[in-house]
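In: prediction below, plus the sequence it came from.
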Amino acid sequence: MFKNKSYIGISFIILIFGIYAVPKIVDRIKNGEVVQGNRLDNVGLKTSKSDAKLMTIGPAPKFELANQDNVKISNATYKGKVYVLEFFFTTCPSICPKMNLSMLEIEKTFFGNPNFGIVSITIDPVHDTPQVLKDHAKLLGVKSSNWNFLTGDRATIMDLSNKGFNLYAGENSKVNGGFEHSGLFALIDKDGNIRCRKDDFGNPILYYDGLDKKGVREIQEDIKILLEE
């Protein structure tokens with residue numbers, strides 16, 4: 001007899017809960033407020049404004065090289081400016097043309113902003129003299145006075161790429177053009193620090209893919225953030 005009364009009491013509580021809660025759950029489903037699939041892992045990990053800021057990787061490696069006008073350009077030249085840096089070479093038949101188009105898109109977006117610049121460092125300085133770089137810039141249609149094409153000592157440049165920025169560059173006689181290198185762009189802030197956003201897992205991406213539309217779009221978004229800092 002006591003057990004039956006207990007069951008009746010429990011049933012009554014469940015009924016009351018159902019009458020109260022079910023309509024609210026239905027309303028949440030209609031309004032899209034119920035946590036779904038890939039959002040489950042993010043519960044309790046909402047991104048705050050501070051989390052949304054770009055990460056600081058560390059100081060960019062120092063350099064001093066000659067530009068297309070045979071003028072010495074260094075980190076100090078870009079102090080107080082946000083800039084994008086790449087490694088390339090003028091006779092590159094593979095990824096460089098695509099990288100060039102990406103950089104031209106970036107230049108166009110920020111053209112006329114005195115606080116933004118671009119640095120393109122050749123990994124084939126024997127061929128890419130200041131005059132060759134000057135002709136290359138003209139061929140591309142470069143307009144910005146803050147876009148410097150740099151050349152210098154080959155060993156110094158290779159160390160800067162491979163050991164300084166950890167962006168691969170090397171000679172390979174078996175590939176078209178004779179050189180291999182990364183298609184990534186480095187983003188550097190006004191204080192000379194390498195900066196980047198986080199990936200979907202909260203890890204720093206380090207560099208931006210200059211061969212991918214998404215990477216080029218993201219670096220432009222992040223340049224705007226750094227210009228406002």
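Out: Happy to help now that I have it.

In: which parts of this structure are helices?
Out: 2-30, 96-110, 130-140, 154-159, 213-227 (DSSP state H).

In: low-confidence ranges in this structure?
Out: Low-confidence segments of the chain (pLDDT under 70): 1-52, 178.

In: give me that answer again for 90
Out: Judged by pLDDT under 90, the chain has its weakly predicted residues at 1-53, 93-94, 168-182.

In: buried residues in stretch 206-220?
Out: Residues of stretch 206-220 classed as buried: Leu206, Tyr207, Tyr208, Asp209, Gly210, Gly215, Val216, Glu218, Ile219, Gln220 (neighbour count, 16 or more other CB atoms under 10 Å). (C-beta placed from N, C-alpha, C; glycine too.)

In: can I get that stretch in PDB? Just the C-alpha atoms.
Out: The C-alpha trace of stretch 206-220 is given here as PDB (Å, rounded to 0.1, in the frame of the first residue of the first chain):
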ATOM      1  CA  LEU A 206      52.000  31.000 -36.500                       C
ATOM      2  CA  TYR A 207      51.800  32.100 -40.100                       C
ATOM      3  CA  TYR A 208      49.200  32.700 -42.800                       C
ATOM      4  CA  ASP A 209      48.800  30.700 -46.000                       C
ATOM      5  CA  GLY A 210      49.600  33.000 -48.900                       C
ATOM      6  CA  LEU A 211      48.400  30.500 -51.400                       C
ATOM      7  CA  ASP A 212      44.900  30.100 -50.000                       C
ATOM      8  CA  LYS A 213      42.000  32.600 -50.200                       C
ATOM      9  CA  LYS A 214      41.100  31.900 -46.600                       C
ATOM     10  CA  GLY A 215      44.600  32.600 -45.400                       C
ATOM     11  CA  VAL A 216      44.800  35.800 -47.400                       C
ATOM     12  CA  ARG A 217      41.400  36.900 -46.100                       C
ATOM     13  CA  GLU A 218      42.400  36.200 -42.500                       C
ATOM     14  CA  ILE A 219      45.700  38.000 -42.600                       C
ATOM     15  CA  GLN A 220      43.900  41.100 -43.900                       C
END
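
In: give me the residues contacting it.
Out: Stretch 206-220 is contacted from outside by 57, 84, 86, 95, 98-99, 102-103, 105-106, 109-110, 167, 182-187, 194, 196-197, 222, using CB atoms under 8 Å, 6 or more residues apart in numbering.

In: mind doing that once more with 10 Å?
Out: 55, 57, 84-86, 88, 95-96, 98-103, 105-106, 109-110, 165-167, 182-187, 194-197, 199, 205, 222-223 (CB atoms under 10 Å, 6 or more residues apart in numbering).

In: swap in stretch 172-180?
Out: Contacts of stretch 172-180 (CB under 10 Å, 6+ apart): 87-96, 122-124, 127, 168-171, 181.

In: any quick ChimeraX command for the buried ones out of these?
Out: The following ChimeraX line selects those of the contacts of stretch 172-180 that are buried, judged by 16+ other CB under 10 Å:
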select :87,88,89,90,92,95,96,122,123,124,169,181
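
In: that older thread, let me have the buried residues of stretch 206-220 in JSON lines, extended by distance to Ser161.
Out: Below are the buried residues of stretch 206-220 laid out as JSON lines (distance: CB to CB, whole Å):
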{"residue": "Leu206", "distance to Ser161": "14"}
{"residue": "Tyr207", "distance to Ser161": "12"}
{"residue": "Tyr208", "distance to Ser161": "16"}
{"residue": "Asp209", "distance to Ser161": "17"}
{"residue": "Gly210", "distance to Ser161": "14"}
{"residue": "Gly215", "distance to Ser161": "19"}
{"residue": "Val216", "distance to Ser161": "20"}
{"residue": "Glu218", "distance to Ser161": "22"}
{"residue": "Ile219", "distance to Ser161": "19"}
{"residue": "Gln220", "distance to Ser161": "23"}
